[in-house]
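**Student:** below are the sequence and a predicted model; questions follow.
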Number of protein chains: 2
Amino acid sequence: MPIKRLTADERAAALADLPEWESVEGKRDAIVRHFAFADFAEAFAFMTHVAMLAEKADHHPEWSNVYNRVDIVLTTHDAGGLSTRDVALAHAIDAIVE
Amino acid sequence: MPIKRLTADERAAALADLPEWESVEGKRDAIVRHFAFADFAEAFAFMTHVAMLAEKADHHPEWSNVYNRVDIVLTTHDAGGLSTRDVALAHAIDAIVE
């Protein structure tokens, strides 16, 4: 069964539970969170943890890193926007840094 | 001693030895290489290798990853542009994938 894009109501409810994530500006239906760590080593350790989660879930982020900063964008290409997979991965990522 | 930005001649000579790297478009003095791997696991394994090199050299890339693709931008903020550190890191990164 193909993954479905969240409805507007589902999206709003999901984002209410993800206060650190915001909608990506522009036309894409995606969410982003910006992280800052003490240094590169801590940032990359975090990325490694996220990479394991993502691979296990077979759902991967679009992300970038500059020294101690990591930006993670989540969306589901197969759904053409935000899906439950993104919501689940966002919660799992939040749990790493909490 | 602060790290110096390459002169135009030094830059041209360095890039002639780095055929896979190109100048970043726009006003930044930086170089970029685009990588593609079989899948996310291979891409992230490569990133982990680069992260170790970068940390050891205390010179870090600006990079992004989407599934099997990795884009790496190198520049030296302290020098205001490309320096020997970027050239050295580019060669070390090339050696991983050769």
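**Tutor:** Here it is on my side, so go on.
**Student:** against A:His34, how distant is the residue of chain A found nearest chain B?
**Tutor:** Here chain A gets closest to chain B at one residue, A:Ser64, 3.8 Å apart by C-beta to the nearest C-beta. All C-beta atoms are positioned from the backbone trio N, CA, C, and that covers glycine. Look at A:Ser64 and A:His34: by C-beta to C-beta, to the nearest Å, they are 10 Å apart.
**Student:** my guess is the residue of chain A closest to chain B contacts A:Val70. True?
**Tutor:** Yes: between A:Ser64 and A:Val70 there is a contact under C-beta atoms under 8 Å: 7.4 Å.
**Student:** the two - which one has more neighbours?
**Tutor:** More crowded of A:Ser64 and A:Val70, by other C-beta atoms under 10 Å in any protein chain shown: A:Val70, with 22 against 17.
**Student:** these two touch, right, the more buried one and A:Glu42?
**Tutor:** No: A:Val70 lies out of contact with A:Glu42 (C-beta under 8 Å); the separation is 9.8 Å.
**Student:** still on that earlier bit, identify the contacts common to A:Ser64 and A:His34.
**Tutor:** A:70-71 (C-beta atoms under 8 Å, 6 or more residues apart in numbering or on different chains).
**Student:** where exactly do the helices run in chain A?
**Tutor:** Ranges of helices in chain A, per DSSP state H, are A:8-16, A:40-57, A:84-97.
**Student:** which stretches of chain A have low pLDDT?
**Tutor:** Within chain A, the segments meeting pLDDT under 70 span A:1.
**Student:** residue numbers of it in contact with chain B?
**Tutor:** When proximity is defined as C-beta under 8 Å from any C-beta of the partner chain, chain A approaches chain B at A:40-41, A:44, A:47-48, A:51, A:54-55, A:60-67.
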